[in-house]
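[1] Structure, please.
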Amino acid sequence: MNIFKNIRNFFKNAAMTVKNAFSGTIRRVRLAIARMTAVAACARGENYVDSGVKILIAVVIGALLLAGLYSLFGDTIMPTVTQRVKDMFDFKG
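    Numbers count the residues shown, from 1 in each chain. As a prediction, the model looks like this:
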C-alpha cells in the first residue's frame, strides 16, 4: 500500500506544480493585457490636428523663403550677374 501512496503523492505534486506554473503564466498574461489596455487608453501624445498644423506651418515658412529668394535673385543678384557676364564678353584687351 505504501507504493500506491507514493504514486498518488507523485501525481498530486505534479498536478500542483503544473497548476502553479499555469497560474503564474496566467498572472503574467493578465498583467501584460492590463499594461496594453492602459497604453491603448492613454489620451496623451500627438494627434492628427497637431501633425496637420506642423505640416501647414512648414509649408507656409517654405513658401515665404522661396518667395524671398525669388525676389532677391530677380531684383538684386541676377541683374548684377548678367551685367558682369556682358562685361566679361565685351572685354577689349
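[2] Name the next helix or strand following the longest helix anywhere in the chain along the chain.
    When the chain is parsed with DSSP state H, its longest helix is helix 2-41. Beyond helix 2-41 in the direction of the C-terminus, DSSP states H and E gives the next helix or strand as helix 48-72.
[3] what pLDDT, on average, does that next one get?
    Averaged across helix 48-72, pLDDT comes to 89.
[4] Could you tell me how far it lies from the centre of the chain?
    Centroid separation for helix 48-72 versus its chain: 23 Å, with CA atoms, centre = their mean, to the nearest Å.
[5] go on, stretch 37-44?
    Using CA atoms, centre = their mean, the offset of stretch 37-44 from its chain centre is 16 Å.
[6] ok so, going back, show me what counts as buried in the longest helix of the chain.
    By 16 or more other CB atoms under 10 Å, helix 2-41 has no buried positions at all. Where C-beta positions appear, they are placed from N, C-alpha and C, glycine not excepted.
[7] Tell me which other helices or strands it touches.
    If you count contacts as 3 or more CB pairs under 8 Å, 6 or more residues apart in numbering; DSSP states H and E, helix 2-41 packs onto no helix or strand.
[8] per-domain residue ranges of this protein.
    Residue ranges for the domains of the chain, per automatic domain parsing: 1-44, 50-93.
[9] Lowest average pLDDT across those domains?
    Here the lowest mean pLDDT among the domains of the chain goes to domain 1-44, at a mean of 80.
[10] Work out the gap between that one and the centre of the chain.
    Using CA atoms, centre = their mean, the offset of domain 1-44 from its chain centre is 36 Å.
[11] Also stretch 42-59?
    Relative to its chain's centre, stretch 42-59 lies at 13 Å (CA atoms, centre = their mean).
[12] buried set for it?
    Buried residues in stretch 42-59 (16+ other CB under 10 Å): none.
[13] relative orientation of the helix or strand hosting P79 and helix 48-72 in degrees?
    Take DSSP H and E as the rule and P79 turns out to sit in helix 78-89. Going by axes from the mean of the first three to the mean of the last three CA atoms, to 10 degrees, helix 78-89 is angled at 40 degrees with respect to helix 48-72.
[14] Just the CA coordinates for helix 78-89, please, in CSV.
    Provided in CSV are the C-alpha atoms of helix 78-89 (Å, rounded to 0.1, in the frame of the first residue of the first chain):
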residue,chain,number,x,y,z
MET,A,78,20.6,88.3,-61.5
PRO,A,79,21.0,91.8,-62.9
THR,A,80,24.4,92.1,-61.4
VAL,A,81,25.4,88.6,-62.7
THR,A,82,24.0,89.5,-66.1
GLN,A,83,26.0,92.7,-66.2
ARG,A,84,29.2,91.0,-65.2
VAL,A,85,28.8,88.3,-67.9
LYS,A,86,28.3,91.0,-70.5
ASP,A,87,31.3,92.9,-69.3
MET,A,88,33.5,89.8,-69.5
PHE,A,89,32.5,89.1,-73.1
